[in-house]
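**Q** next come a sequence and a model predicted from it.
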Amino acid sequence: GNSVTQMEGPVTLSEEAFLTINCTYTATGYPSLFWYVQYPGEGLQLLLKATKADDKGSNKGFEATYRKETTSFHLEKGSVQVSDSAVYFCALTRSNDYKLSFGAGTTVTVRA
Amino acid sequence: DAGITQSPRYKITETGRQVTLMCHQTWSHSYMFWYRQDLGHGLRLIYYSAAADITDKGEVPDGYVVSRSKTENFPLTLESATRSQTSVYFCASSESGGGDKVGVFGPGTRLTVL
């Protein structure tokens, strides 16, 4: 079956630090990959996505590249802000499916 | 306003009681989903629906019942609540199938079962 593994948190950073959250997946076929963000007290929002190998998703300074050879989709941001404090979820769907499989989530706290 | 709403936002109930969580979307999306969020597990799919009157089980359906008589509504019922059902519940909708058609999530309902 499909599964997503994320690095465990919590992660605590200072402002302007570099952020990486590792995500690896197991799936048959060619899944689409997503990063969702959940700000405190809110629902999930799509942050970025990639639908085929070597695609790079980007949004709000975050980037992730779909690496089929390593089955990975690591999230990166070069200079984080306090407003980036949130829980980040990696997720996938298979190409012929619409149900999302989520990782456990990584809590990120950015201190001023 | 267009969007996806959930009610109530917070609910406290007792073991054995029936509880219904409501979800309403204004986009006329065909697909709707219920997830539960638990620490260490991320989000897990409870039930989903591809259209009105069509529902199917997800990863963790035991103890839950759903219905979808109208496209815009997808209520989730806990017929006899248990402490293990204490969780945050998210409803989501999606315009169509396909791996790149992304769901839109509601704000969540925090349910506590005493």
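**A** It's in. Bear in mind the structure is a predicted one, so any value in this text is a computation, not a measurement. Numbers count the residues shown, from 1 in each chain, chains lettered A, B, ... in the order given.

**Q** which secondary structure elements does the helix or strand of chain B with the lowest mean pLDDT sit against?
**A** Lowest on mean pLDDT, DSSP states H and E among the helices and strands of chain B sits strand B:104-105, with a mean of 84. Here strand B:104-105 touches strand B:87-94, going by 3 or more Cβ pairs under 8 Å, 6 or more residues apart in numbering or on different chains; DSSP states H and E. Every C-beta, even on glycine, is put in place using the N, C-alpha and C of the backbone.

**Q** any idea how far the strand it packs on is from the chain center?
**A** 5 Å (Cα atoms, centre = their mean, to the nearest Å).

**Q** only alpha carbons, please: show that strand as CSV.
**A** The C-alpha coordinates for strand B:87-94 follow below in CSV (Å, rounded to 0.1, in the frame of the first residue of the first chain):
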residue,chain,number,x,y,z
SER,B,87,-9.6,13.5,17.9
VAL,B,88,-9.7,16.4,15.5
TYR,B,89,-11.9,15.7,12.5
PHE,B,90,-11.4,17.3,9.1
CYS,B,91,-13.8,17.4,6.2
ALA,B,92,-12.4,17.9,2.7
SER,B,93,-13.8,18.2,-0.8
SER,B,94,-12.4,17.8,-4.3
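
**Q** now do the buried residues in the next helix-or-strand element following the least confident helix or strand of chain B.
**A** Counting by DSSP states H and E, the next helix or strand C-terminal to strand B:104-105 is strand B:109-113. For strand B:109-113, a neighbour-count test (16 or more other Cβ atoms under 10 Å in any protein chain shown) marks B:109, B:111, B:113 as buried.

**Q** quick one: strands adjacent to strand B:109-113?
**A** strand B:10-13 (parallel), strand B:87-94 (antiparallel) (DSSP bridges).

**Q** buried ones in the shortest one, by neighbour count?
**A** What it means is strand B:10-13. B:11, B:13.

**Q** mind listing what's buried in the helix or strand following it?
**A** Next in sequence after strand B:10-13, counting helices and strands by DSSP H and E, comes strand B:19-25. For strand B:19-25, a neighbour-count test (16+ other Cβ under 10 Å) marks B:19, B:21, B:23, B:24, B:25 as buried.
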